[in-house]
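A.B. asks: I would like to see how this sequence folds:
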Amino acid sequence: MNKFTHIDSKGDAVMVDVSGKAITARTAVACGRIAMSRDCYEAVKAGAMKKGDVLGVARIAGIMGAKRTSDLIPLCHILNLTKCGVEFMFHDDTSEIEGRCTVKCDGKTGVEMEALTGVSVALLTVYDMCKAVDKRMCIKDIHLVEKIGGKSGHFQYDGGKKHEG
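C.D. replies: Next up is the predicted model:
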């Protein structure tokens, strides 16, 4: 059975002590989608939203969110990120925009939470900039795609297969 690293022997929440860990190169990629009406989707794709460049603003917001993860998630360590990028892909068949956040650092703990926060904030920003056109947008499928580095090694998303545990 896996032990939760953020809970001590008394059951109290704690920040993990990483002082004895080696500094290694770490990378994490997270993605998610926002589904919207066809009209809203086409307006974002054409760059025709009244609030301006939706994806440009969302990209910067995602980077800022990743950088501020330790301010938002109580037990996350403050990390010195060496790279953070946010990309978007259009899915015409479903009127969805996929966001993908890639984060890197050289550190003692991973950057999974930073990548997940980055893509979440980016998609929330798309929602904020488009809500006047479509309040029914749905943010979904936010997940870790890949993690490289650290003690647990390489992880790659397997499509969401159920795991025992």
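A.B. asks: State the distance from Gly160 to Arg59.
C.D. replies: With distances taken as Cβ to Cβ, to the nearest Å, Gly160 is found 26 Å from Arg59. For glycine as for every other residue, the C-beta is placed from the backbone atoms N, C-alpha and C.
A.B. asks: what's the pLDDT at the residue nearest the centre of the chain?
C.D. replies: With distances taken as Cα atoms, centre = their mean, Leu116 lies nearest the centre of the chain, 2.2 Å away. As predicted, Leu116 sits at a pLDDT of 98.
A.B. asks: Which strand or helix spans the closest residue in space to it that isn't next to it in sequence?
C.D. replies: Excluding its sequence neighbours, the residue lying closest to Leu116 (Cβ to Cβ, 6 or more residues apart in numbering) is Ala30, at 4.5 Å. Using DSSP states H and E, Ala30 sits in strand 24-35.
A.B. asks: which helices and strands sit right next to the helix or strand that comes right after that strand?
C.D. replies: On the C-terminal side of strand 24-35, the closest following helix or strand by DSSP H and E is helix 38-46. Helix 38-46 sits against strand 96-107, helix 112-130, with contacts defined as 3 or more Cβ pairs under 8 Å, 6 or more residues apart in numbering; DSSP states H and E.
A.B. asks: switch the cut-off to 7 Å
C.D. replies: Of the remaining helices and strands, none touches helix 38-46 by 3 or more Cβ pairs under 7 Å, 6 or more residues apart in numbering; DSSP states H and E.
A.B. asks: Tell me which residues of the strand holding Ala30 come out buried.
C.D. replies: Arg26, Thr27, Ala28, Val29, Ala30, Cys31, Gly32, Arg33, Ile34, Ala35 (16 or more other Cβ atoms under 10 Å).
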